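> no sequence for this one, just the structure:
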């Protein structure tokens, strides 16, 4: 009992996979790398570090995470740790995870994620604090079915753990821009066509931090005037949430999120509305 299985999703992740695996190796009884047919050394490195590697075509994060969980086939009472290929667990968090799964009373744990951009940590702005449920008992949870901004949903009590999960985002700026262009289209579809699934993270102002953020996004942000709201988002993130304290990198990050990603979401919504008329 109380065994922990780490599931790590990869695709051409040779630059980071060793750091990710080594960060959770000492607390994991089993490490499964679910690889989207990488063309670099990802698979070779993962196998050399003792990981069980299985390849499965990536469609979206929800399907890949849930497929990986089903593949793992854990018995009730054991635990999952879900990571992306650029998410590193700090020693403090690893220790807290190890202790947490030995205790009773909780079915899942929220981890605090710190985003890196161009090699620098983003300590302020709209993403901080940024909590994600990534550790939970087998049979208790799954990844919600969404096109973008997916979270894990569980039945049971949750608790926040101290320590950090570092989202290194070790990709060139050009790839960052491409991926956010793709996600902007997916977010637009979610909002415009109100793609809902019964099994989704609830929107609750008095819920956990993830539920509260979703309530604010859907009940406040998307009620603001289209094309104006990215400007308001920038002001909120950069000034009100102190994004300026991250210096030049913080300014670039806030600008890109507001006037690349968030603005693109709105433009995609406008384009989709024109097509359905």
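All right, it came through fine. Predicted, not measured: the structure shown is a model, and the values here were computed from it. Numbers count the residues shown, from 1 in each chain.
> which sections of the stretch 51-200 of the chain are below the confidence cut-off?
195-198 (pLDDT under 70).
> now do the strands in it.
Remark: strands assigned in the stretch 51-200 of the chain by DSSP state E, counting those that start in this stretch are 52-55, 79-84, 87-89, 108-117, 120-121, 131-137, 141-143, 152-154, 158-167.
> quick one: which of the ones you listed is nearest residue 213?
strand 131-137 (8.7 Å; CB to CB). In short, each C-beta sits where N, CA and C put it, glycine included.
> that closest one packs against which elements?
With contacts taken as 3 or more CB pairs under 8 Å, 6 or more residues apart in numbering; DSSP states H and E, strand 131-137 sits against strand 79-84, strand 108-117, strand 152-154, strand 158-167, helix 209-219.
> paired strands for the third one, with orientation please.
Yep, that's strand 152-154 we're talking about. Next to strand 152-154 in the sheet, as set by DSSP bridges, lie strand 141-143 (antiparallel).
> quick check: end-to-end length of stretch 139-158?
Start and end residues of stretch 139-158 are separated by 15 Å (CA to CA, to the nearest Å).
> swap in stretch 122-135?
Stretch 122-135 has an end-to-end distance of 23 Å (CA to CA).
> give me every residue that touches residue 126.
Counting by CB atoms under 8 Å, 6 or more residues apart in numbering, residue 126 makes contact with 233, 236, 237, 241, 243, 257.
> who wins for neighbours among the residues you listed?
Ranked by neighbour count (other CB atoms under 10 Å), the contacts of residue 126 have residue 243 at the top, with 28 neighbours.
> and it, how far is that from residue 232?
According to CB to CB, to the nearest Å, residue 243 and residue 232 sit 14 Å apart.
> same question, residue 78
45 Å.
> just the helices in the stretch 1-150 of the chain please.
Assigned by DSSP state H, counting those that start in this stretch, the helices in the stretch 1-150 of the chain fall at 17-24, 42-48, 61-72, 91-100.
> wait, residue 80 sits on residue 138?
Yes - because the distance of 6.2 Å satisfies CB atoms under 8 Å, residue 80 is recorded as touching residue 138.
> who has more neighbours, these two?
Using other CB under 10 Å as the criterion, residue 80 and residue 138 rank with residue 80 on top: 25 against 17.
> residues contacting the more buried one?
4, 5, 7, 69, 72, 74, 135, 136, 137, 138, 141.
> what bridges to it?
Residue 80 has these beta-bridge partners by DSSP bridges: residue 5, residue 136.
> quick one: buried residues of the helix or strand harbouring residue 269?
Per DSSP states H and E: residue 269 is located in helix 263-276. By neighbour count with 16 or more other CB atoms under 10 Å, helix 263-276 contains the buried residues 263, 264, 265, 266, 268, 269, 272.
> I figured the first one was touching residue 226, is that so?
By that I understand residue 263. No - Residue 263 is not in contact with residue 226 according to CB under 8 Å; the separation is 10.1 Å.
> re the thing from before, closest one to residue 30 among the helices and strands packed on strand 131-137?
Residue 30 lies closest to strand 79-84 among those, at 10.2 Å (CB to CB).
> what angle do that closest one and helix 17-24 make?
150 degrees (axes from the mean of the first three to the mean of the last three CA atoms, to 10 degrees).
> of the helices and strands packed on strand 131-137, which stretch is the most buried?
Each of the helices and strands packed on strand 131-137 was scored by mean neighbour count; the highest is strand 79-84, a mean of 23, by mean count of other CB atoms under 10 Å.
> check the gap between the closest residue to residue 54 other than its chain neighbours and residue 58 for me.
Excluding the flanking residues, the one nearest residue 54 by CB to CB, 6 or more residues apart in numbering is residue 34, at 5.8 Å. In this structure, residue 34 and residue 58 are 9 Å apart, going by CB to CB.
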